[in-house]
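Colleague: could you work out the structure for the sequence below:
(chains A, B and C)
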Amino acid sequence: MIENRRWLDFLTHAILILGVAIVAFPVWVALVASTHPAGTFATGHMPLLPGGAAWENYSTVLGSGMRGAGSEPLWRMLVNSAVMAVLITVGKIAISLTSAYAIVWFRFPLRVVCFWLIFITLMLPVEVRILPTFKVVADFGLLNSWVGLTLPLIASATATFLFRQFFMTVPEELVEAARIDGAGPMKFFRDILLPLSRTNIAALSVILFIYGWVQYLWPTLVTTDPKFYTIVMGIKRMVAVAEADPQWNFVMAAVVLAMLPPVLVVIFMQRLFVKGLIETEK
Amino acid sequence: MARIQIGALRKTYPGAKTDTLHGIDLTIEDGEMAVLVGPSGCGKSTLLRMIAGLESVTSGDIRIGERVVNQLEPAERDIAMVFQNYALYPHMTVRGNLEYGLKNRRTPRAEIDARVTEAARVLEIEPFLDRKPQALSGGQRQRVAMGRAIVRKPQAFLFDEPLSNLDARLRGQMRVEIRRLQRRFATTSIYVTHDQLEAMTMADKLVVMNAGRIEQVGSPMDLFDAPRSLFMASFIGAPGMNLLPVDDLRGAGVDLGGLPGNTSVIGIRPEHLTTDTVGAGIVLDLTVEAVELVGSETLVHLGAAGLSAPLVLRRPGALSVAPGTPLRVALPAGHLHGFDGHGLRIGAASRQGQPQTAAMS
Amino acid sequence: MQTKRTIFPNKGLPWLLIGPQMIVTAVFFLWPSAQAIWTSFRREDPFGLNTTFVGLSNYARLFESGEWLEAAGRTAVFAVSVTALSMLAALTLALAANRVLRGSRIYTTLLVWPYAVAPVVAGVLWWFLFNPTIGILPLALSALGIDWNHRINGDQAMILIVIAAAWKQVSYDFLFFLAALQSVPKSLIEAAAIDGAGPFRRMRDIVLPLISPTTFFLLIVNINYAMFDTFAIIDATTSGGPAGATNILVYKVYADGFLGLNLGSSSAQSVVLMLIVVALTFVQFRYVERKVQY
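Modeller: Numbers count the residues shown, from 1 in each chain, chains lettered A, B, ... in the order given. Just a heads-up that it's a prediction; the model follows:
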C-alpha cells in the first residue's frame, strides 16, 4: 500500500488473526473433544486442551461404530461418502461436457429449448421439490441404491454453462484444422477438446466433489439401509444418540473425519478450488 | 498433384440479401501458385474455405484433380491448409501436431516417422519436435503449421493469410521460404492475402477479387502493366496509379492530344510521371504539396486547382524540393492507360513500357 | 443463441450427446416440479385414496394461515441476518487480506476451508459449542449474566442457526470479495492518494463503489443460500424448534410434506418457493447483463 502506517498494519494483521481464530475455533474444540475419553463430558464442561484418548476414540468409531447409534463402522460411511461424491462428480462432468459439446458444435431441432430446460434446473433446488422427486425415485425402485443416491443429483446447469463458456473460446481454426486432419466429431472431442478442457475439468471436479460429499437431505431420504449411509448423514444419527448418552468424543471424532477429506481437497488444491468456484458463478 | 477447376461457383449465406460469390470460374494448373487478393469482404477467404470444404457450396463445381469435391468432407479432399493463427493443437508437441493427420489416416508408423523427419529437416524445426507450440516463436509456429501441411503430401496447399500475424521482417523471410518450399514440392497452391506486395511477389497466377467477383486473372506483371479496370489500376501497385478524369483536364485547359474518343479517365503510374517535358504529349503545371523521402526513392505529392486528388510522382534516390514549389510534369504517351465510361481499359492488354521501370521495389 | 462458424453436420449424434442430461433433467427436475404444481391445485380425501381439484384454495389457505406467514417472516429475518453477518465479516477480512503484503496466501488458505465443511457438520459444531450442559459458550455467557438455552429460548435458537450458517458462508464471500478487491486498478488508488485521500476515505470513495457489482451479486447468492441451503444446519441443530422458532420456509416444506404428510399444502409451499428462486435468479441475471455492458 501507499503509505506506511504501522498501526494500520497492526490492525490488519489483528483482524486477520482474529478471523482465522473464529473460523478455526469450533474445529479446534471438536478436535480436542475427539481426544478425550467419554467420562470427561459426563462430569462437566468441554475441555480446551487435547486429551490422551485420540487413538482409542478414532479406532473405535472407524472400526466398530458408535455404541447405541445402530450404525455402521465409520470407515464404511467414509467409503460410501467417497463413492457418492466421486459418482456425482464424474456423472455431472460427463453429462455436462457432452451436452455443452452438443449445444456449441451442432445444430439440431429444439437445441435452444434444451438449453433453456437445462437453465431452468438452476431454479429448482432439491429442497424445494423434495417430495415429488422422492416419489419418482421410489416409483423407479431406486431407494437404497447408488443410482437413486446419485443420478437425480447429476443434472447440472452450472457445469454445462461453464463448459459452454469455455468451448466458445476455442478458436474456430482449431476445429477446422482437425477436420482437415481427418478428425470427426468424436475424435475431435477426445483428442483435442478433452485435453484442452483439462484445467476446467479439474477445477470443477474440486467443487463438485465437495458438493457431493456434503449432500445431506437427499441421502437421508433415499437410504434406509445402513449399507448406504454416508458420513454426513451418519453424524446426524449419532448426535441424536449422544443427546441421551454423552459420547461426545465419538461424535466429534466422526465430525473431524467427515470434515477431513473435503477440507484437505480445498487446502491442497486451493488454486483449482478458487478457479472452479469463481468460474462457475460467471 | 492436381489441377483445381472451379466452375460457376456461387455462395449465398442463408438470410443474406446478396451473394457472397457470384459465379466464380477459375482454373489453377498443376503445381501452380495462385494468389487470391482483394479488399476485405471481397470473398477471397470464402472461396478458399469452400475449396477446403469448410463452407458449403450453394451452386457450381469444385474439382480437385478429376474429382468433383463439392460434397466431400475436408479430410476427404486431400488438401492441407495453413491458417492465419496457425491453429496448432496447443496440448500436443510439435511432433504430435505433425503426426495427427497422418495417424487419423492410418498411415503406417514407419511412414509417419519418415515424413515427419523429412519435413522437420526441410523446415529446420528438428530441435523443437518435442516442444509444445506455446514454447515457440511466431516464425517457428508458422514453420510447424507449414510442416503439418507438408507431411500430408496433399494434392493442394491452401494458405489463409498465413503471414499476417508476423512482423514485417519475418514476413519478408517467410514469403521467400514458402515460395521455395512450394516450388520444391511442386504442389498446387492457393494463397489468400490482402497484402498486395505478398500477392505480387509470390504468385504464378494472380487472382484479384472484388465484391464477390473475379476482377482480373493473370501473371502479376500482366496485371500491373495492363490493368483491366479502374479498380485494378488503383488496387495493384503502391502507391496506386494516378487517375485523372478527362473532363477535369479539359476543364483546366490541358492539351490532351489524340486520345481515343471514348476515353473518360487516363491513368499513369507514379514512376512514369516525368519532369522532362521536352517533346512530351500531355504536360501539367502542378504545385508540390508534400514530399516523402523513403530513402531509396522519393514520393512527391502534386496538386493543382481543378484536380480532386493529388498526383504522386516517384523518383529513385532523394529529391529535394520544397512544398509550394511549382513543378511542370509530363505524362509520356507510351505509359498512358485509358479507361472508358464503364471504368474498363481501352486498347489491348499488351505490355507497355520497359519491364525494369515496372519492377516492384 | 451464439454458436460456432464451423459446426459438425451430424444429425443423430447431438441427441446422443445431450440425451443423458435431458433425461435426468426431465425425470428428476421437470417432472417432479410439474407434479408439485399439479398437486398444489388438488386436495386429498381423508383416506388418501382420491384427490379433487380445489383451484387456488391451497394457496389461499397458505396465505391466510398465520403459521406460514410467520415462517415467511422468520425466513426473512434469518436470511437478512445471515447475509449481513457473513458479508460484513467477509468484507472486513478481505479488505485486510488485500492489504497485507506478505502472508496473504496463508491467511486465505486458513480462511477458505470452511467452504468444504458440510452444513450438517457446521450445525453440529456450533450446537456442541452452545450445548447448554457442557458447551463452552453458555459457560462464558453465564459469566456475563446471560442464561443460554436454545432448546427453550426461541431467539437463542435463531441466533445459533444464524451463527452456524454465517460461519460456513464467510469463506465463500471472502473469496469473491478478495477477487473483486484485487481487480481494482492500482492506478486508481494511487490517483486518489495523490489527491489527498487517506486509507479510509479511499476505501469509502473508490474501493467500495468499484466492487459494488460483486457486493450485489453476493447479496443475491447469500439470500439464496440462507433460504435453501441451510436446511441441513437447521435439521441438525434445532429441527425447526423450539415451538417453531427456527422453522423457516424450506424446512416447513419438508416437515409438512414428509412428517405431516399434508401433500396439497406442501406442494403449494414448494411452488411458492420455486417462484422465489425464479425471481432471485432473474434478478441475478439482470445483474450479469448489466455487468457485461460495463
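Colleague: you'd agree A:His45 is in a strand?
Modeller: No: under the criterion used here (DSSP: H, G, I helix; E, B strand; the rest coil), A:His45 is coil, not part of a strand.
Colleague: tell me if I'm right that it and C:Asn131 touch.
Modeller: No: with contacts counted by Cβ atoms under 8 Å, A:His45 stays clear of C:Asn131, the gap being 9.4 Å. For the C-beta atoms, the positions are set from N, CA and C on the backbone; glycine is no exception.
Colleague: of the two, who's got more company?
Modeller: Taking other Cβ atoms under 10 Å in any protein chain shown, A:His45 and C:Asn131 do not tie; C:Asn131 has more neighbours (24 against 14).
Colleague: isn't that one up against C:Leu139?
Modeller: No: contact criterion Cβ under 8 Å: C:Asn131 and C:Leu139 do not qualify, at 10.0 Å.
Colleague: and C:Arg8, how far from chain B?
Modeller: To be clear, residue C:8 is Phe; Arg isn't right here. 10 Å (Cβ to the nearest Cβ, to the nearest Å).
Colleague: how deep is that residue tucked in, by neighbour count?
Modeller: 20.
Colleague: one more: the one 3 residues further on?
Modeller: The number of residues packed around C:Lys11, counting by other Cβ under 10 Å, is 11.
Colleague: for the residue of the stretch 251-361 of chain B found nearest chain C, give me its contacts.
Modeller: Distances between the stretch 251-361 of chain B and chain C by Cβ to the nearest Cβ are smallest at B:Gly343, namely 34.4 Å. The contact partners of B:Gly343, taken as Cβ atoms under 8 Å, 6 or more residues apart in numbering or on different chains, are B:Ser229, B:Leu230, B:Phe231, B:Val265.
Colleague: how about B:Arg49?
Modeller: B:Glu55, B:Asp160.
Colleague: now the one 4 residues further on
Modeller: B:Gly53 makes contacts with A:Arg179, A:Ile180, B:Val69, B:Leu72, B:Glu73, B:Pro74, B:Glu76, B:Arg77, B:Ile79, as judged by Cβ under 8 Å, 6+ apart.
Colleague: so B:Ala211 touches B:Cys42, yeah?
Modeller: Yes: applying Cβ under 8 Å, one finds B:Ala211 in contact with B:Cys42, separated by 6.2 Å.
Colleague: of these two, who's got more company?
Modeller: B:Cys42 (22 against 16).
Colleague: which element is the more buried one on?
Modeller: Assigned by DSSP states H and E, B:Cys42 falls within no helix or strand.
Colleague: count of neighbours near the residue lying closest to it once chain neighbours are set aside?
Modeller: Excluding its sequence neighbours, the residue lying closest to B:Cys42 (Cβ to Cβ, 6 or more residues apart in numbering or on different chains) is B:Met209, at 4.4 Å. Here the number of neighbours of B:Met209 (other Cβ under 10 Å) works out to 25.
Colleague: ok, the one 10 residues further on next?
Modeller: In terms of burial, B:Ser219 registers 12 neighbours under the definition other Cβ under 10 Å.
Colleague: who are the neighbours in contact with it?
Modeller: Shown in contact with B:Ser219 (Cβ under 8 Å, 6+ apart): B:Ala203, B:Asp204, B:Lys205, B:Leu206.
Colleague: ok, C:Leu17 next?
Modeller: Contact analysis of C:Leu17 by Cβ under 8 Å, 6+ apart lists A:Thr98, A:Ser99, A:Tyr101, A:Ala102, A:Phe106.
Colleague: can you rerun that using 7 Å?
Modeller: C:Leu17 is in contact with A:Thr98, A:Ser99, A:Tyr101, A:Ala102, counting by Cβ atoms under 7 Å, 6 or more residues apart in numbering or on different chains.
Colleague: which one of those residues is nearest B:Gly317?
Modeller: Among the contacts of C:Leu17, A:Tyr101 lies closest to B:Gly317 (Cβ to Cβ), at 62.4 Å.
Colleague: nearest to chain B within the stretch 1-150 of chain A, name that residue for me.
Modeller: A:Arg107 (11.4 Å).
Colleague: burial count for the residue nearest to that residue when sequence neighbours are not counted?
Modeller: Using Cβ to Cβ, 6+ apart and skipping the chain neighbours, the partner closest in space to A:Arg107 is C:Ile7 (5.7 Å). Counted by other Cβ under 10 Å, the residues lying close to C:Ile7 total 15.
Colleague: got a list of what residue 53 touches?
Modeller: Defaulting to chain A. A:Thr35, A:His36, A:Pro37, A:Asn249.
Colleague: oops, wrong one, chain C.
Modeller: Per Cβ under 7 Å, 6+ apart, neighbours of C:Phe53: C:Phe41, C:Arg42.
Colleague: show me the contacts for the nearest residue to B:Glu29 once chain neighbours are set aside.
Modeller: Spatial nearest neighbour of B:Glu29, chain neighbours left out: B:Arg3 (5.5 Å); criterion: Cβ to Cβ, 6+ apart. The contact partners of B:Arg3, taken as Cβ under 7 Å, 6+ apart, are B:Thr27, B:Ile28, B:Glu29, B:Asp30, B:Gly65, B:Thr188.
Colleague: low-confidence stretches in the chain?
Modeller: If you meant another chain, say so; for now it's chain A. A:1-4, A:42-44, A:65-71, A:242-246, A:281-282 (pLDDT under 70).
Colleague: I was after chain C.
Modeller: For chain C (pLDDT under 70), the answer is C:1-3, C:45-48, C:288-294.
Colleague: what do you get for the stretch 151-300 of chain B?
Modeller: B:280.
Colleague: tell me where it has helices.
Modeller: B:168-185, B:196-202, B:220-225, B:230-235, B:246-251 (DSSP state H, counting those that start in this stretch).
Colleague: let me have the contacts of B:Ser219 in CSV, extended by neighbour count and distance to chain C.
Modeller: Listed next are the contacts of B:Ser219 as CSV, based on neighbours: other Cβ atoms under 10 Å in any protein chain shown; distance: Cβ to the nearest Cβ, whole Å:
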residue, neighbour count, distance to chain C
B:Ala203, 23, 28
B:Asp204, 17, 30
B:Lys205, 20, 28
B:Leu206, 24, 28
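Colleague: spatially, which two of those residues are the most separated?
Modeller: Comparing all pairs in the contacts of B:Ser219 by Cβ to Cβ, the longest separation belongs to B:Asp204 and B:Leu206, at 8.3 Å.
Colleague: returning to that earlier point: hang on, isn't the residue nearest to B:Cys42 packed against B:Gly43?
Modeller: Yes: assessed by Cβ atoms under 7 Å, B:Met209 is found in contact with B:Gly43 at 5.8 Å.
Colleague: enumerate every residue touching the nearest residue to A:Leu31 once chain neighbours are set aside.
Modeller: Nearest non-adjacent residue to A:Leu31, counting by Cβ to Cβ, 6+ apart: A:Val256, 5.9 Å away. Counting by Cβ under 7 Å, 6+ apart, A:Val256 touches A:Ala30, A:Leu31, A:Ser34.
Colleague: out of the contacts of C:Leu17, which are close to chain C?
Modeller: Counting by Cβ under 7 Å from any Cβ of the partner chain, A:Thr98, A:Ser99, A:Tyr101, A:Ala102 from the contacts of C:Leu17 sit close to chain C.
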